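1. Quick one, what's the 3D model for this:
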Amino acid sequence: MKKGSNTISSVYKGSTVIQKIYKSSIPVMEKEGTPYTPIEYLQNTGTGYINTGYKPNHNTKLVITLSNVTGTNGDATVFGETWATNRFLVTIYNNSYRYFYKGEHSTSNITNKYTLSFYRGTVIRNGITLREDNSINSSVSFTNNLSLFCATSHVNSSLSKYSKYKLYACSIYDDNVLVRDYIPVKDKNGVVCLYDKVNQNFVYSANGQSFVGGQEI
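-> Okay, the predicted model is just below:
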C-alpha cells in the first residue's frame, strides 16, 4: 500500500502551472481492482510450492529473504528447477545452504533470517559477499521453470525434498531486469499467497496445498 499526504503539488514552466499532482492519505493498492493485505511472511508447512513460471538461464539472479528453514530428513530444496549438480539450485543439509551453480557452496545457520542473493557463482548474504565468481559455468543446463520450496523436477515424485520456511520476499532478475517481485499477502478471500508486483497477479500454491501466513502488516 502507498499513502500520500492530502496535498496538491504543481509543476511549473516559468510562472505557468502546466500540471497538478494530487496526493491522498487514503491507502491505495499496487493495482486498482486487485486488493490484498500484506503479511509478514508466507510459510510452507507441508508440500506446497510456488511455480514461478520462469525458466532460469545464465543471467538469472535470485534474491530471497527467508528464515526457519527445515526439510524432511534435513535434506530439501529451497528453490530450484532440477535436483542435480551444475544447476540453478539451492538445497539445505546439516544446517547449511548448498548452492550448485558452480560446484557446491555452503552457508550455515539456516534458522536465521537472511537475505540471500545468488547469481552465477556469486553468493551474497545480508549484503556481505561470501563468494564472488560471475563467470558462466558452461556445464549448467536449464530444463524446467524455477520453483520455490522444491525443485520442479521433484513435483509429485519426491515429496521428501520439499522444504519448509518463512518467505518474506523474493525477487528474480533476468540480465538485470526484474521479472518477478514477490511479497506475501492475503487475497480478498483471506487466502495466503504471493503477489507479484511486476506482473500484478496473485500466485498460489501450484498443487493446492495451503500456506500459512504471518501477521498482517
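2. residues near Pro184, how many?
-> When neighbours are defined as other Cβ atoms under 10 Å, Pro184 has 24 of them. Where C-beta positions appear, they are placed from N, C-alpha and C, glycine not excepted.
3. go on, Val198?
-> Neighbourhood size, Val198 [other Cβ under 10 Å]: 13.
4. Leaving out chain neighbours, which residue sits closest to it?
-> Nearest residue to Val198, sequence neighbours excluded (Cβ to Cβ, 6 or more residues apart in numbering): Asp181, at 4.8 Å.
5. Burial check on the one you found, number of neighbours?
-> The local packing of Asp181 (other Cβ under 10 Å) involves 19 other residues.
6. With Thr85 instead?
-> 12.
7. how about it, what does it touch?
-> The neighbourhood of Thr85, defined by Cβ atoms under 8 Å, 6 or more residues apart in numbering, consists of 100, 104.
8. redo that, cut-off 6 Å
-> Phe100 (Cβ atoms under 6 Å, 6 or more residues apart in numbering).
9. With Lys166 instead?
-> The neighbourhood of Lys166, defined by Cβ under 6 Å, 6+ apart, consists of 41, 43, 67-68.
10. and if you look at Ser163?
-> Ser163 sits next to 71, 76-78, 149 when contact means Cβ under 6 Å, 6+ apart.
11. could I have the one helix or strand Asp181 maps to exported to PDB, CA atoms only?
-> Taking DSSP states H and E as the definition, one finds Asp181 inside strand 177-186. Taking C-alpha atoms only, strand 177-186 is exported to PDB below (Å, rounded to 0.1, in the frame of the first residue of the first chain):
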ATOM      1  CA  VAL A 177      15.700  -6.800 -15.500                       C
ATOM      2  CA  LEU A 178      13.300  -7.500 -12.700                       C
ATOM      3  CA  VAL A 179      10.900 -10.200 -13.900                       C
ATOM      4  CA  ARG A 180       9.300 -11.400 -10.600                       C
ATOM      5  CA  ASP A 181       8.900  -9.400  -7.400                       C
ATOM      6  CA  TYR A 182       7.000 -11.500  -4.800                       C
ATOM      7  CA  ILE A 183       5.600 -10.300  -1.500                       C
ATOM      8  CA  PRO A 184       3.500 -12.400   0.900                       C
ATOM      9  CA  VAL A 185      -0.200 -11.400   1.100                       C
ATOM     10  CA  LYS A 186      -3.700 -12.500   1.800                       C
END
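12. quick one, domains of this protein?
-> As recorded under automatic domain parsing, the domains making up the chain are 1-30, 38-213.
13. Give the pairing partners of the strand holding Asp181; include direction for each.
-> Here strand 177-186 has these sheet partners by DSSP bridges: strand 37-38 (antiparallel), strand 163-174 (antiparallel), strand 192-196 (antiparallel).
14. That one - what's its average pLDDT?
-> Mean pLDDT, strand 177-186: 98.
15. what does stretch 124-144 give?
-> Averaging pLDDT along stretch 124-144 yields 93.
16. Distance check, the residue nearest to the spatial centre of the chain against Thr85.
-> The residue lying closest to the centre of the chain (Cα atoms, centre = their mean) is Cys170, at 2.0 Å. Counting by Cβ to Cβ, to the nearest Å, the separation of Cys170 from Thr85 is 23 Å.
17. show me where pLDDT drops low in the chain?
-> Low-confidence segments of the chain (pLDDT under 70): 1-34, 72-74, 154-160.
18. mind redoing it with 90?
-> 1-35, 45-48, 69-77, 81-87, 92-96, 102-112, 141, 143-144, 150-164, 207-209 (pLDDT under 90).
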